[in-house]
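S.K.: output the structure for:
(one chain, ligands or ions: 1)
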Amino acid sequence: MARIIAGVASSHVPAIGAAIDNKQTEEPYWKRVFSGFEKSKEWMAKTKPDVAIVVYNDHASAFSVEMIPTFALGCAAEFPPADEGWGPRPVPVVKGHPALAAHIAQSVILDEFDLTIVNKMEVDHGLTVPMNLLFGQPKDAWPCPVIPLAVNVVMYPPPTGHRCYMLGKALRRAVESYPEDLKVVIFGTGGLSHQISGPRAGLINSKWDKSFLDNLSKDPKKLTRIPHLEYMREAGAEGIEMVMWLIMRGALDDKVDEVYRFYTVPASNTAVGHIILENARKASGTRKVAGKSKRGSAGKSRQAAARKSIHRIASKGKR
Ligand SMILES: [Fe+2]
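M.R.: Numbers count the residues shown, from 1 in each chain. Below you'll find the model as predicted:
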């Protein structure tokens with residue numbers, strides 16, 4: 001079966017992408033940022049995932065104020081880099097995994113999370129910058145297929161942290177019910193504290209960020225209770241992006257091994273945070289059934305009931 005072996009979270013500051021594209025990574029200002037991802041790239045090269053699910057937010061590139069899905073799953077065969085005003089970034093086209101994405105859509109929707117299915121979508125820095133930080137800057141192709149999951153955090157109301165965390169659990173159930181033996185890594189992106197406009201532009205709250213990282217690792221349920229207003233007050237208007245990290249965290253075991261963490265300020269006007277969490281049982285290959293949550297069985301029953309009902313409707317149509 002497919003399994004989620006680890007979660008990676010990283011800021012997706014657009015200026016990081018510009019520094020890569022303009023070959024400024026060795027300049028002292030940027031070297032401080034990029035040096036924090038050297039070990040991460042080694043970890044990723046060693047881990048060699050078969051598929052990456054990248055949770056990110058679109059910055060009015062694929063969507064606009066005319067249409068803002070709360071959770072949009074990329075089911076296409078490929079996702080070209082978006083033109084964000086300076087032409088598309090010089091990164092490879094992101095190849096999807098339509099079969100696994102379709103399976104996730106079915107499983108998660110029957111599990112009562114109403115995803116929007118997207119069969120054509122360009123991806124912006126929200127997705128490509130974390131890819132660069134973890135996979136480097138490949139010339140022709142990214143090393144594995146990617147399933148993008150775009151989350152609305154740009155227009156009120158974004159989903160709650162709790163909803164995101166529970167979506168992570170539904171994603172895990174979906175992945176684990178896919179029959180092919182695939183190693184999946186899930187990304188959470190965005191944050192950390194930052195505010196890009198208004199009187200508090202430039203706000204960074206390192207104390208709050210570091211506490212968020214501590215809890216993400218050890219006590220994620222505590223984070224699910226943080227209201228939107230607290231993100232806004234403590235981490236700035238754009239700090240709300242951090243709810244996306246809870247989708248990644250929800251897809252992992254309750255107890256995880258924190259294998260790496262990096263934090264630096266600033267990059268552009270944003271705090272940069274990064275963490276790698278591994279499922280402790282990833283190497284065993286024999287997951288305990290007990291490791292699947294009680295809600296997992298409930299979710300499965302609901303899915304089974306929904307599938308039966310679809311089957312009944314289809315059979316009636318044939319008569
Ligand atoms: Fe962003």
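S.K.: can you give me the helices for the stretch 201-319 of the chain?
M.R.: In order along the chain, the stretch 201-319 of the chain carries the following helices (DSSP state H, counting those that start in this stretch): 206-218, 220-223, 228-235, 243-250, 294-318.
S.K.: mean pLDDT lowest for which of those helices?
M.R.: The weakest mean pLDDT among the helices of the stretch 201-319 of the chain belongs to helix 294-318, with a mean of 50.
S.K.: what about residue 110, distance to residue 103?
M.R.: Taking CB to CB, to the nearest Å as the criterion, residue 110 is separated from residue 103 by 11 Å. No exception for glycine: its C-beta is placed from N, CA and C like everyone else's.
S.K.: repeat that for residue 18.
M.R.: In this structure, residue 18 and residue 103 are separated by 36 Å, where distance is defined by CB to CB.
S.K.: just residue 272 next, same as before
M.R.: Distance of residue 272 to residue 103, computed by CB to CB: 34 Å.
S.K.: so which of the two has more stuff around it?
M.R.: Set side by side, residue 272 and residue 103 show more neighbours around residue 272, with 25 against 19, by other CB atoms under 10 Å.
S.K.: any idea what the more buried one is bridged to?
M.R.: The bridge-partner assignment for residue 272, based on DSSP bridges, gives residue 264.
S.K.: that one is in contact with residue 35, isn't it?
M.R.: No. Under the criterion of CB atoms under 8 Å, residue 272 makes no contact with residue 35, lying 11.5 Å away.
S.K.: SS state for the residue most central in space within the chain?
M.R.: In the chain, the C-alpha nearest the mean C-alpha coordinate belongs to residue 55, at 2.2 Å (CA atoms, centre = their mean). When the structure is reduced to helix, strand and coil (DSSP: H, G, I helix; E, B strand; the rest coil), residue 55 reads as strand.
S.K.: which residues sit in contact with it?
M.R.: 149, 151, 186-189, 244, 247-248 (CB atoms under 8 Å, 6 or more residues apart in numbering).
S.K.: and the pLDDT at the closest residue to residue 279 other than its chain neighbours?
M.R.: In space, and not counting its chain neighbours, residue 279 is closest to residue 253: 4.7 Å by CB to CB, 6 or more residues apart in numbering. Looking at residue 253, its pLDDT reads 98.
S.K.: can you name the residues that contact the closest residue to residue 36 other than its chain neighbours?
M.R.: Nearest residue to residue 36, sequence neighbours excluded (CB to CB, 6+ apart): residue 262, at 3.7 Å. Taking CB under 8 Å, 6+ apart as the contact definition, residue 262 lies against 36-37, 40, 272-275.
S.K.: likewise for residue 205?
M.R.: Taking CB under 8 Å, 6+ apart, we find residue 205 in contact with 193, 234-236, 239, 271.
S.K.: one more time with 10 Å
M.R.: The contact partners of residue 205, taken as CB atoms under 10 Å, 6 or more residues apart in numbering, are 192-195, 211-212, 233-236, 239, 265, 271.
S.K.: also residue 67?
M.R.: By CB under 10 Å, 6+ apart, the residues touching residue 67 are residue 116.
S.K.: and it, how far from residue 84?
M.R.: Summarising the geometry, the distance separating residue 67 from residue 84, computed by CB to CB, is 18 Å.
S.K.: pLDDT below threshold where in this protein?
M.R.: Under the criterion of pLDDT under 70, the regions of the chain flagged as low confidence span 281-319.
S.K.: can you give me the strands in it?
M.R.: For the chain, the strands identified by DSSP state E occupy 3-10, 51-56, 71-74, 78-79, 94-95, 116-118, 146-151, 183-189, 256-267, 270-279, in order along the chain.
S.K.: show me what the third one is packed up against.
M.R.: Under the contact criterion of 3 or more CB pairs under 10 Å, 6 or more residues apart in numbering; DSSP states H and E, the helices and strands touching strand 71-74 comprise strand 51-56, helix 98-110, strand 116-118, strand 146-151, helix 161-176.
S.K.: please consider this matter closed, and thank you.
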